[in-house]
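Chemist: Here is my input, please return the structure:
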Amino acid sequence: MWSKIISYIPSWSTLFQAGLALIIPLGIYYINTSIYSFVGSKGAKSKHSSGRSLSDENNEGHIDQQHEPSYKITGNYDSDLKSIQEAIGENSDVHFREFVVKKYHARSVLVFIDGMQDEKLMSKQVLEVLMFDGQQAPQEQQESINSSFIKESLMPLTQISEVADMEDLQESILLGHTALLIEGMKGALLVGSPNGAIRSVNEPTSEALLRGPRIGFTEVLSENTSMLRRQGINKSLEMKKFQVGSRIKKDLVVAYIKDIVNPDLLEEVNSRISKIDMDFLAESGYVEQLIEDNYLSPFQQAHNTERPDRVMSALLEGRVAILLDGTPFALIVPVTFSMLLQSPEDYYERWIPGTLLRVLRFFGAFIALMGPALYISFISFHPGLIPTKLIISIIETRQGVPFPSVIEVMILEISIEILREAGIRLPKPIGPAMGIVGGLVIGDAAVNAGIVSPFLVIVVSVTAISSFSIPTYSAGITLRLLRFVGMLFAAILGMFGTVLFFLLICIHLTKLKSFGVPYVTPFSPMRPSDWKDVYIRAPISLMKRRPVMMKTQQSKRKS
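Modeler: All right, here's what the predicted structure looks like:
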């Protein structure tokens, strides 16, 4: 009897695997909790111990210039010119063009940065008007020079403003504005707008479509906001401007549709942006990392895109767009996981092919994440789950391979990742050829050398191709990263580890939020009304309501 009972007791290896399956998730949970508690206590401690704001900490060790009395532009030409030259410093690209205003016989100077203004416009609308032409000043203004008269009657420019403070004038010049100082006039005029060399509007390179608009954002913020305006007449489209960067200031715009967006969401976005405190924000990726909910998560919590039509569609769903000067990538918040696998082309095609393409993308994402892990699990731990004829064929192809399955998978996967990265960094005429030829040569050479099996080459190739089916490049990077973690789980625990890894990913996604919106909604929490635009793309005539998860002011789409 005892021998029969003992026969039902699992082997030590099975008990060991079960123990690891229990210990690993508990360990990850406690490590995650400890990190969050440590970071939170450290932030609270620094906040209470300092007793002052971030701006005060940044100014520690020196007197902030904004607390000092600013120098005003008095109208004394020699004194003002000397002050602005001292404020500009040794910047060789700042030019001073001195001339005499004919109507007042007053000395004047144009201050501008080389390459950041329209020289023809300045020559025709400013220099020619003030030096040779222009309306005669009224008798009462012959003695005192009035900036209002110059703006309204002399210079035919659409953009012109007045600055009275020397510090503001210095900042405006360094931002690319052209400043005009006239002897006897209190204050300076900023004429025109910065107009340096810009890239022409082209098709987005990271989001190519077969059917859809061939227009993408550029690096100029005003161009990008105008592209949103040109999507169509919308009186409710509002854009709020911020200045970000403590040392190098850049403009940032928050775009939303006033009568659709959730006010709480908009307030949260504005609050997070206003708390950004960095010297310089080079790209919207900085903003994305500074405003996300969970910086420890490998999944992105803001969607980046180059397409104005995609941004406008997101705004109509109640989302908020963030555009930063100097980058063609706009951010859309909040974001869900299903949103990362959707493409604008799904809506431009009829609903049946659109649904098919979307289902293929979800399947491709699963293969890109779990393909190598499943291969390792079946080959190394559970070959009995594979059909007999197929396993015999796989075993024959693995004859002579000196490495276990996890090592040969690692060799090929790392080689593919290196080739992929090299193809991106190489010049465009060489990059695609290098990726294709390099993959073929390395795969064929590895098989002929007996390092890897031909069947594994097929598995790794299908996995790599599946990762390219994801429309959002950043989401593809995340799945590629997690794929290696899944391979380690499968190498240690077999199918138990593979299932455990998938469950951990699902648990993390369930807990993750983007600006208060659950990452895997409409499945958790369950919102069946939003299912018509997740795995399937329902006919447009049936999509009459906006996503419930956005809690918009107007839930119904108006035709």
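Chemist: Please make it C-alpha for all contacts and neighbour counts, starting now.
Modeler: Will do.
Chemist: start to end distance for stretch 236-252?
Modeler: For stretch 236-252, the first-to-last residue distance is 19 Å (C-alpha to C-alpha, to the nearest Å).
Chemist: again with stretch 268-288
Modeler: End-to-end distance of stretch 268-288 (C-alpha to C-alpha): 14 Å.
Chemist: So which bits of that stretch are buried?
Modeler: 269, 273, 276, 277, 281, 283, 284, 285, 287, 288 (16 or more other C-alpha atoms under 10 Å).
Chemist: which outside residues touch that stretch?
Modeler: 54, 242, 244-250, 254, 290-291, 301-302, 323-324, 326-327, 329-331, 515 (C-alpha atoms under 8 Å, 6 or more residues apart in numbering).
Chemist: Kindly report the same for stretch 242-257.
Modeler: Outside stretch 242-257, the residues touching it (C-alpha under 8 Å, 6+ apart) are 221, 236-241, 270, 274, 276-281, 315-316, 318-325.
Chemist: OK, contacts around residue 531?
Modeler: residue 522.
Chemist: let's see 10 Å
Modeler: Going by C-alpha atoms under 10 Å, 6 or more residues apart in numbering, residue 531 touches 521, 522, 523, 537, 538, 547.
Chemist: what's the spacing between it and residue 378?
Modeler: 34 Å.
Chemist: what does residue 208 give?
Modeler: Distance from residue 208 to residue 378, by C-alpha to C-alpha: 37 Å.
Chemist: These two - which one has more neighbours?
Modeler: For the pair residue 208 and residue 378, the greater number of neighbours falls to residue 378 (18 against 15), based on other C-alpha atoms under 10 Å.
Chemist: Now do the host helix or strand of the more buried one: which elements does it pack against?
Modeler: Here residue 378 sits within helix 351-380, counting by DSSP states H and E. Applying 3 or more C-alpha pairs under 10 Å, 6 or more residues apart in numbering; DSSP states H and E, one finds that helix 351-380 contacts helix 345-348, helix 388-397, helix 405-425, helix 454-468, helix 473-493, helix 495-511.
Chemist: Buried among the contacts of residue 531? Make that a PyMOL selection.
Modeler: Typed into PyMOL, the line below selects the buried ones among the contacts of residue 531, using 16+ other C-alpha under 10 Å:
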select buried, resi 521+522+537+538+547
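Chemist: and the contacts of residue 531 as TSV, adding distance to residue 492?
Modeler: As requested, the contacts of residue 531 are exported to TSV (distance: C-alpha to C-alpha, whole Å):
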residue	distance to residue 492
521	32
522	34
523	31
537	39
538	42
547	42
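Chemist: can you tell me which of the contacts of residue 531 lies nearest to residue 448?
Modeler: Here the nearest of these to residue 448, counting by C-alpha to C-alpha, is residue 537; it sits at 45.4 Å.
Chemist: On the three-state scheme, the residue lying closest to residue 290 once chain neighbours are set aside is what?
Modeler: Of all residues not flanking residue 290 in the chain, residue 276 sits nearest, at 6.9 Å (C-alpha to C-alpha, 6 or more residues apart in numbering). Recorded secondary structure, residue 276: coil (DSSP: H, G, I helix; E, B strand; the rest coil).
Chemist: Let's see the pLDDT reported for residue 276.
Modeler: Note for residue 276: predicted pLDDT of 91.
Chemist: Repeat that for residue 506.
Modeler: As predicted, residue 506 sits at a pLDDT of 92.
Chemist: Also residue 429?
Modeler: 67.
Chemist: try residue 435
Modeler: Residue-level confidence at residue 435 comes out at 65, pLDDT.
Chemist: One more: residue 202?
Modeler: Per the predicted model, pLDDT is 81 at residue 202.
Chemist: And it, how far from residue 311?
Modeler: 17 Å.
Chemist: residues of stretch 81-96 that come out buried?
Modeler: Neighbour-count burial for stretch 81-96 flags 81, 83, 84, 85, 88, 94, 96 (criterion: 16+ other C-alpha under 10 Å).
Chemist: In helices only, show me these.
Modeler: If you go by DSSP state H, the buried residues of stretch 81-96 have 81, 83, 84, 85, 88 in helices.
Chemist: Tell me which two of those sit farthest apart.
Modeler: Of all pairs drawn from these, the one with the longest distance (C-alpha to C-alpha) is 81 and 88, at 10.6 Å.
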